[in-house]
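J.: Provided below are the primary sequence and the corresponding predicted coordinates.
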Amino acid sequence: MNDTSLAISKFSDLANPTRFLALVARVLPWFVCLTATLFAVGLYLSFTTEGDYQQGETVRIMYVHVPAAWLSMMCYSVMALSAIGTLVWRHPLADVSHKAAAPLGAAFTLIALITGSLWGKPMWGTWWVWDARLTSVFVLFLMYLGLIALNRSMDDASKAARVSAVLILVGFVNIPIIKFSVEWWNTLHQPASVIRLDGPTIDPEFLWPLLIMAVAFTMLFFTLHLMAMRNEIWRRRIATQRRMAARMAGREASP
């Protein structure tokens, strides 16, 4: 068996919820420890570095705002991949993945919006401006809320999964708009300063705490995502058992 076949086999094995839960039980403690360690190091560096000569102490907001903004887009990208898994491969856990990720994406997007406003008031003189970057991120937040509401309003889980998957893929067009909005339009938001073809333009004193916090937030997302998927699988099992018990009770009660 070649590497590709082995990878496909492993991917198929995770279609079994019991095997997936066993994997989560093994890796989750390591994820929690690694996340806590990264946050401890990242927060220590964030509070011990000197303030920026222009932004002052408000530069420390960047260590939360930027990772949250990255995660808001990455989370939706994970949902898009899960949506493809739902529509193309009919993977049993794909809809569990994007349903579990939606509240996390909404939370990270809200954090990005709030911290951006806290930074914008002293830097721009206003809490909010309807420029391309801020508006597209706000639209992303509304999309997350809409998907959460849709998943909770439909009783048929399989139908909700398919409808959500289609909407997720349609809404993915907003992700490149968010990413390239500062290049396509004239906005107050500064252009990218970390991920650039010619290398980061941010000072290393601020870059390292930012990168560590970004990895910490990423690990936090994957940790919470696995926990949310585990809880969703348990919830569905309990709901299935209750329906079976109700049917059995109905048969016993019928003459």
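T.: Sure thing, it's come through.

J.: distance check, S46 against A112.
T.: When Cβ to Cβ, to the nearest Å is the yardstick, S46 and A112 sit 17 Å from each other. No exception for glycine: its C-beta is placed from N, CA and C like everyone else's.

J.: and these two? which has more neighbours close in?
T.: A112 (24 against 20; other Cβ atoms under 10 Å).

J.: against which helices or strands is the helix or strand hosting that one packed?
T.: Assessed by DSSP states H and E, A112 sits inside helix 94-124. Judged by 3 or more Cβ pairs under 8 Å, 6 or more residues apart in numbering; DSSP states H and E, helix 94-124 is in contact with helix 62-84, helix 132-153, helix 157-171, helix 204-253.

J.: now do it against helix 132-153, angle only.
T.: Relative orientation of helix 94-124 and helix 132-153, computed by axes from the mean of the first three to the mean of the last three Cα atoms, to 10 degrees: 150 degrees.

J.: circling back: what's the most buried one of the helices and strands packed on helix 94-124?
T.: Per residue and on average, the most neighbours among the helices and strands packed on helix 94-124 fall to helix 62-84, with a mean of 21 (mean count of other Cβ atoms under 10 Å).

J.: I'd like the average pLDDT over that helix.
T.: Along helix 62-84, the predicted local confidence has a mean pLDDT of 94.

J.: just how off-centre is it within its chain?
T.: Put simply, helix 62-84 sits 4 Å off its chain's centre (Cα atoms, centre = their mean, to the nearest Å).

J.: where in the stretch 101-250 of the chain is pLDDT low?
T.: Within the stretch 101-250 of the chain, the stretches falling below the threshold (pLDDT under 70) are 185-186, 188-201, 203.

J.: for the helices and strands packed on helix 94-124, give me CSV that also has distance to T187.
T.: As requested, those are exported to CSV (distance: least, Cβ to Cβ, whole Å):
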stretch, distance to T187
helix 62-84, 14
helix 132-153, 5
helix 157-171, 21
helix 204-253, 21
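
J.: so for F20, which of those helices sits nearest?
T.: The minimum distance between F20 and these falls on helix 204-253, with 7.2 Å, by Cβ to Cβ.

J.: spatially nearest residue to the residue nearest the centre of the chain (excluding sequence neighbours)?
T.: The chain has C75 as the residue nearest its centroid, 2.6 Å off, counting by Cα atoms, centre = their mean. Of all residues not flanking C75 in the chain, G105 sits nearest, at 3.6 Å (Cβ to Cβ, 6 or more residues apart in numbering).

J.: in this structure the one you found contacts Y76, no?
T.: Yes - A contact is recorded between G105 and Y76 when judged using Cβ atoms under 8 Å, the distance being 5.7 Å.

J.: what do those two both touch?
T.: L140, Y144 (Cβ atoms under 8 Å, 6 or more residues apart in numbering).

J.: please, which helix or strand holds P92?
T.: Going by DSSP H and E, P92 is not in any helix or strand.

J.: number of residues surrounding it?
T.: Counted by other Cβ under 10 Å, the residues lying close to P92 total 16.

J.: that one reaches P17, doesn't it?
T.: Yes - between P92 and P17 there is a contact under Cβ under 8 Å: 7.0 Å.

J.: neighbours around the closest residue to S158 other than its chain neighbours, how many?
T.: Leaving out its chain neighbours, the residue that sits closest to S158 by Cβ to Cβ, 6+ apart is D95, at 7.7 Å. By other Cβ under 10 Å, the residues close to D95 number 24.
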